[in-house]
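# quick one: sequence and predicted model below, then my questions.
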Amino acid sequence: MNKNPSIIQADAVRTAVREGYAKIANTSHSGCGHGVSCCGSTVQTAEELARQVGYSAEELAALPEGANMGLSCGNPAALAALQPGETVLDLGAGGGFDVFIAGRKVGPAGRALGVDMTPDMLRKARQNIAAYRERTGLDNVEFRLGEIEHLPVADASVDVVISNCVLNLSPDKPQVWREIARVLKPGGRVAVSDLALFRPLPEAVRGMVEALVGCVAGAVLVEETGRMTREAGLVEILLTPKPGYVQAMADWEDPLYRKIVEHLPAGTKPADFITSLEVKARKPSAGGGCGCGC
């Protein structure tokens, strides 16, 4: 049976993303393309970028070598205010960067799980587990192969879902938010750092494969993110744009952003269209109200 066009398009997106991130996992440098960040930078190091978005020197020093590949556009682990004993799930875990940081925060009584659809990334993350155990004395992290639209995680089994510049890569974002709601325990929370749009990007930018893998072409409007989150049944939704990240990428003369600028209307800049966005929300408690004052 032939697939319908929407399924074919979604498969093409996943293939492009998987191939792009496999290349990142298997190269000695970090980042999408030739840079160090999800959206690339030839000037800044991965550690400098991580500090730019809020990671501490202590957190970065404790990471296994190679876990920080400069793919962040925020700090969802800090945004989630993780507590000892919690179970946290990272969507699009990559080399394990946020999982290893979360594992230290939730401690020996907690659990940090990571899901990624790219086998090369999963292999890299799993190879880092031994170093993490040696440095922390903890045995509380795990990585699973899977798509974020179909999480290999049981219903109502995690306290917190985090994700760092990954949801924009999905061709079916409403399904991702439904999956987040499914796996959260009643009262559980979500903290996502992602790229979003203040206004639609020009068609030429949306069609760039490097912009897709670089976390830009797949981004949706800020208000659309809020709508999808509500429709998934989550409450207490807080959307906080952080435009400084995108402006910094442009100021650093990132190769991808230089190319994007070429396709923008005269007199505009990337930060007029694109922003880093913090998303916080909660799953309603069992038997509770909507949590939104209605």
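Perfect, I can see it now.
# make it CA atoms for all contacts and neighbour counts henceforth
Fine.
# does Leu89 touch Val158 like I think?
Yes - judged on CA atoms under 8 Å, Leu89 makes contact with Val158 at a distance of 6.7 Å.
# more crowded one of these two?
Neighbours per residue, other CA atoms under 10 Å: of Leu89 and Val158, the larger number sits with Leu89, 30 against 23.
# mind pulling up the pLDDT for the more buried one?
The model reports Leu89 with a pLDDT of 98.
# phi and psi next, for it.
phi -120, psi 130 (degrees, to the nearest 10).
# over to Thr136?
Here is the backbone geometry of Thr136 (degrees, to the nearest 10): phi -110, psi -20.
# how near is the residue nearest to it when sequence neighbours are not counted to Lys242?
If the residues on either side of it in the chain are set aside, Thr136 comes closest to Arg104, at 7.4 Å by CA to CA, 6 or more residues apart in numbering. From Arg104 across to Lys242, the span is 26 Å (CA to CA, to the nearest Å).
# quick revisit: neighbours of the residue nearest to Thr136, how many?
Quick note: Arg104 (other CA under 10 Å) scores 23 neighbours.
# who does whichever strand or helix holds it touch, helix- and strand-wise?
Arg104 is part of helix 97-106 when elements are defined by DSSP states H and E. Applying 3 or more CA pairs under 8 Å, 6 or more residues apart in numbering; DSSP states H and E, one finds that helix 97-106 contacts helix 76-80, strand 87-91, strand 111-116, strand 141-145.
# measure the closest residue to Asp116 other than its chain neighbours to Pro186 for me?
Excluding the flanking residues, the one nearest Asp116 by CA to CA, 6+ apart is Gly92, at 4.6 Å. Distance of Gly92 to Pro186, given as CA to CA: 23 Å.
# more neighbours, the two?
Taking other CA under 10 Å, Gly92 and Pro186 do not tie; Gly92 has more neighbours (26 against 19).
# state the number of residues packed around the closest residue in space to Asn26 that isn't next to it in sequence.
Spatial nearest neighbour of Asn26, chain neighbours left out: Asp120 (7.2 Å); criterion: CA to CA, 6+ apart. Neighbourhood size, Asp120 [other CA under 10 Å]: 19.
# what is the helix or strand hosting Asp120 packed up against?
Per DSSP H and E, Asp120 falls inside helix 119-127. Using 3+ CA pairs under 8 Å, 6+ apart, the elements in contact with helix 119-127 are helix 5-25, strand 141-145.
# quick one, it and strand 141-145 angle?
Relative orientation of helix 119-127 versus strand 141-145 (axes from the mean of the first three to the mean of the last three CA atoms, to 10 degrees): 160 degrees.
# just checking, the residue nearest to Thr136 touches Gly137?
No - using CA under 8 Å, Arg104 is not in contact with Gly137; the gap is 9.7 Å.
# any stretches of this structure with poor pLDDT?
1-10, 12-25, 28-45, 51, 53-54, 69-72, 207-217, 249-256, 287-294 (pLDDT under 70).
# mind listing the strands for it?
87-91, 111-116, 141-145, 158-164, 184-197, 235-242, 274-282 (DSSP state E).
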